[in-house]
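Peer 1: Build the 3D model from these lines:
(one chain, ligands or ions: 1)
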Amino acid sequence: MTQFDYDLFVIGGGSGGVRSARLAAAMGKKVAIAEEYRFGGTCVIRGCVPKKLFVYASQFHEHFEDAAGFGWTVGESRFDWHALVAAKDKEIDRLEGLYRKGLEGAGAEILHTRAELTGPHSVRLVATGKEVTAERIVIAVGGAPNPHASLPGHELCISSNEAFHLDKLPRSILIAGGGYIAVEFANIFHGLGVETTLIYRGTEILSRFDQDIRRGLHEAMEAKGIRILCQDHIQKVENSPAGSLAVETMKNGVLVVETVMLALGRDPNTTGLGLEAAGVEVNERGAVVVDRYSRTNVPSIFALGDVTDRVQLTPVAIHEAMCFIETEYKNNPTSPDHDLIATAVFSQPEVGTVGLSEEQAAKKFDEIEVYRAQFRPMKATLSGRAERMIMKLIVNAADRKVVGAHILGHDAGEMAQLLGITLKAGCTKDDFDRTMAVHPTAAEELVTMYNPTYRVRNGERV
Ligand code: NDP
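Peer 2: All right, here's what the predicted structure looks like:
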């Protein structure tokens, strides 16, 4: 036994923290994990999981409409917000239970308290004031919505945290931001019958994605009835009569809505964590600075997941935790691989993407081939829904490698997961061409786009 109370102390019970605590404990290490709120972190408690459940809920009214084209008559339908929230909460409770069970089963000690660093090997448990020591400490405290504190009236606005527990569904909502959360929630609220407006400062939503997909999603959302205001931002939010909010915008005058949601990025949760006491370095955004093995500048302290502001995605935090275990406890130095991360935006239609956008690839390579298909999905033929799928493959002409794949449409996220394997494996366009299609699917388009739609040479479309 070492001179420390624990071999490993983990601060934060989210995806990265739980995975590192559970794996270390399962190896026989003496592990404690402290969480001040609920186990499961942002992803399980107020992020990916409840969001996806809400996405499903918000799609039913379109399903009911589409049913007519297939011969069904659907009776009167009504939506009950409280029933959805209760069902979602029940599922989240179940998942939280599984997280705890996994930790307990592996032998980790669960501590229901905030924990703050007091030194390179020590942590104070805020609930009791007790100080404990550990050979290694992992900081996995995640992030929190950027409150946009400089905005007058920001305290009247909600973030995604509150969106999961609203007392009632608002009649109207204005969502600020053009990233994952803003776009996903705009579709959720619209689908549940809320009059929805999105306000975004840039020229097009989803700034880091392929331009075609961004434009296609924008058009599809507007066609559904979501109002999108680009190149504009909120200047002030004030209470107005009848319980509404008056929102002063830069370009679109005053908008009166019931709820304003800010989705302007997430900040690392490092305030008051005792990082100064332990001598841990943070960057200008307050994120813990780590090396390629997730080590901070203090050799006994590590950081994983959103608190490091590398890539804010659940699977990335889990992967970083597994690399930490390999490196520190299995004598197998492994650094997380952040290249070619497939990702999905659960907008409606969905976005699935991996690799470089056309714009990024055109800057990186002398010549690229772009394969692009836009078509009506089969289901829309009978439903009569005016929707289009977009699929795009970006190929480096020099070696024929597929360097980007982008999809807009049903199940794009599911397809992105599999495309991620092909790009990771370094597949060429010829490998795609050799692959037999699965018919009839939308995905078959990915292996039947034989000729480039166009090329981009030295940044110019030819
Ligand atoms: P994003 O980084 O995706 O988007 C933030 C948005 O806020 C951008 O449109 C950004 O504009 C805008 N913005 C930032 N600061 C300001 C400002 N001061 N004034 C006006 N606009 C501003 O963050 P989200 O909050 O949507 O999500 C946080 C992270 O969570 C994401 O990065 C993602 O990694 C993860 N996430 C993943 C999901 C998934 O996998 N499906 C779902 C939800 C979240 P600009 O683009 O111009 O910088």
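Peer 1: now the residue nearest to residue 424 when sequence neighbours are not counted: how far from residue 317?
Peer 2: Nearest residue to residue 424 in three dimensions, chain neighbours excluded: residue 340, at 5.4 Å (CB to CB, 6 or more residues apart in numbering). From N, CA and C alone the C-beta is placed, and that goes for glycine too. Look at residue 340 and residue 317: by CB to CB, to the nearest Å, they are 17 Å apart.
Peer 1: ditto for residue 158
Peer 2: 25 Å.
Peer 1: which one of these two has more residues nearby?
Peer 2: For the pair residue 158 and residue 317, the greater number of neighbours falls to residue 317 (31 against 19), based on other CB atoms under 10 Å.
Peer 1: Work out for me the element the more buried one sits within.
Peer 2: Using DSSP states H and E, residue 317 sits within helix 314-329.
Peer 1: helices or strands next to that helix in the packing?
Peer 2: Packed against helix 314-329 by the contact rule (3 or more CB pairs under 8 Å, 6 or more residues apart in numbering; DSSP states H and E) you find helix 15-26, strand 131-139.
Peer 1: Residues touching the next helix or strand after the longest one, excluding its own?
Peer 2: Tracing the chain past helix 15-26, the next element assigned as helix or strand by DSSP H and E is strand 31-34. Strand 31-34 is touched from outside by 5-13, 17-18, 21, 24-25, 103, 106-115, 123, 125, 132, 134, with contacts defined as CB atoms under 8 Å, 6 or more residues apart in numbering.
Peer 1: Could you list the paired strands of strand 31-34 along with their orientation?
Peer 2: strand 6-11 (parallel), strand 109-111 (parallel) (DSSP bridges).
Peer 1: before we move on, back to that, pull out the buried positions in the helix holding residue 317.
Peer 2: By neighbour count with 16 or more other CB atoms under 10 Å, helix 314-329 contains the buried residues 314, 316-329.
Peer 1: Residues in contact with that helix: which ones?
Peer 2: Residues outside helix 314-329 that contact it (CB under 8 Å, 6+ apart) are 14-17, 19-20, 23-24, 27, 29, 43, 47-48, 136, 138, 140, 293-294, 302, 304-306, 308, 310, 332-338, 341.
Peer 1: tilt between it and helix 15-26?
Peer 2: 30 degrees (axes from the mean of the first three to the mean of the last three CA atoms, to 10 degrees).
Peer 1: List of residues touching the helix or strand just after helix 314-329?
Peer 2: The first helix or strand that comes after helix 314-329 along the chain, using DSSP H and E, is strand 343-345. Strand 343-345 has contacts (CB under 8 Å, 6+ apart) with 180, 183-184, 206, 209, 217, 313, 350-354, 412-413, 416.
Peer 1: now swap in stretch 365-385 and tell me
Peer 2: 62, 65-66, 68-70, 212, 216, 358, 361-362, 386-398, 403, 409-410, 429, 440, 442, 445, 449, 451-458.
Peer 1: Can you tell me which residues in the chain are near the ligand?
Peer 2: Counting by CB under 6 Å from any ligand atom, the chain comes close to the ligand at 177-182, 184, 200-202, 207, 233, 263-266, 312-313, 343-346.
Peer 1: Could you check the pLDDT of the residue in the stretch 301-450 of the chain that the ligand sits nearest to?
Peer 2: In the stretch 301-450 of the chain, the residue that lies nearest the ligand is residue 312 (3.6 Å; CB to the nearest ligand atom). Note on residue 312: pLDDT of 96.
Peer 1: Now for residue 433: which residues touch it?
Peer 2: So residue 433 contacts 447, 450 (CB under 8 Å, 6+ apart).
Peer 1: burial of residue 130, as a residue count?
Peer 2: Residue 130, neighbours per other CB under 10 Å, totals 12.
Peer 1: swap in residue 178?
Peer 2: Per other CB under 10 Å, the neighbour tally for residue 178 reads 25.
Peer 1: Show me where this structure dips below the pLDDT cut-off.
Peer 2: For the chain, the stretches flagged by pLDDT under 70 are 1-2.
Peer 1: Can you name the residue of the chain nearest the ligand?
Peer 2: For the chain, CB to the nearest ligand atom, closest residue to the ligand: residue 179, 1.9 Å.
Peer 1: sorry, back to before: the residue nearest to residue 424 touches residue 421, doesn't it?
Peer 2: No: using CB atoms under 8 Å, residue 340 is not in contact with residue 421; the gap is 9.8 Å.
Peer 1: Quick check on the two: which one has the bigger neighbour count.
Peer 2: residue 340 (18 against 12).
Peer 1: List the residues that contact the more buried one.
Peer 2: Residue 340 is in contact with 354, 355, 420, 423, 424, counting by CB under 8 Å, 6+ apart.
Peer 1: Buried subset of the contacts of strand 31-34, written for PyMOL?
Peer 2: The PyMOL selection below is limited to those of the contacts of strand 31-34 classed as buried (16+ other CB under 10 Å):
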select buried, resi 5+6+7+8+9+10+11+12+13+17+18+21+24+25+103+106+107+108+109+110+111+113+114+115+123+125+132+134
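Peer 1: Quick check: residue 437 vs residue 411, distance?
Peer 2: 16 Å.
Peer 1: Next: residue 358.
Peer 2: 22 Å.
Peer 1: Which one's more surrounded, the two?
Peer 2: Remark: of residue 358 and residue 411, residue 358 carries more neighbours, 22 against 17, as counted by other CB under 10 Å.
Peer 1: Hmm, that one is touching residue 210, no?
Peer 2: Yes: with contact defined as CB under 8 Å, residue 358 reaches residue 210; the gap is 5.6 Å.
Peer 1: Mutual contacts of these two, please.
Peer 2: 392, 404.
Peer 1: just to revisit the earlier point, pull the CA atoms of the helix holding residue 317 into PDB?
Peer 2: C-alpha atoms of helix 314-329 as PDB (Å, rounded to 0.1, in the frame of the first residue of the first chain):
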ATOM      1  CA  THR A 314     -18.800  11.900 -24.900                       C
ATOM      2  CA  PRO A 315     -17.000   9.100 -26.800                       C
ATOM      3  CA  VAL A 316     -13.900  11.200 -26.800                       C
ATOM      4  CA  ALA A 317     -14.000  11.600 -23.000                       C
ATOM      5  CA  ILE A 318     -14.400   7.800 -22.700                       C
ATOM      6  CA  HIS A 319     -11.600   7.100 -25.100                       C
ATOM      7  CA  GLU A 320      -9.300   9.500 -23.200                       C
ATOM      8  CA  ALA A 321     -10.100   7.700 -20.000                       C
ATOM      9  CA  MET A 322      -9.300   4.300 -21.500                       C
ATOM     10  CA  CYS A 323      -5.900   5.800 -22.800                       C
ATOM     11  CA  PHE A 324      -5.200   7.100 -19.300                       C
ATOM     12  CA  ILE A 325      -5.700   3.600 -17.800                       C
ATOM     13  CA  GLU A 326      -3.500   2.000 -20.500                       C
ATOM     14  CA  THR A 327      -0.800   4.500 -19.900                       C
ATOM     15  CA  GLU A 328      -0.800   4.800 -16.200                       C
ATOM     16  CA  TYR A 329      -1.900   1.300 -15.000                       C
END
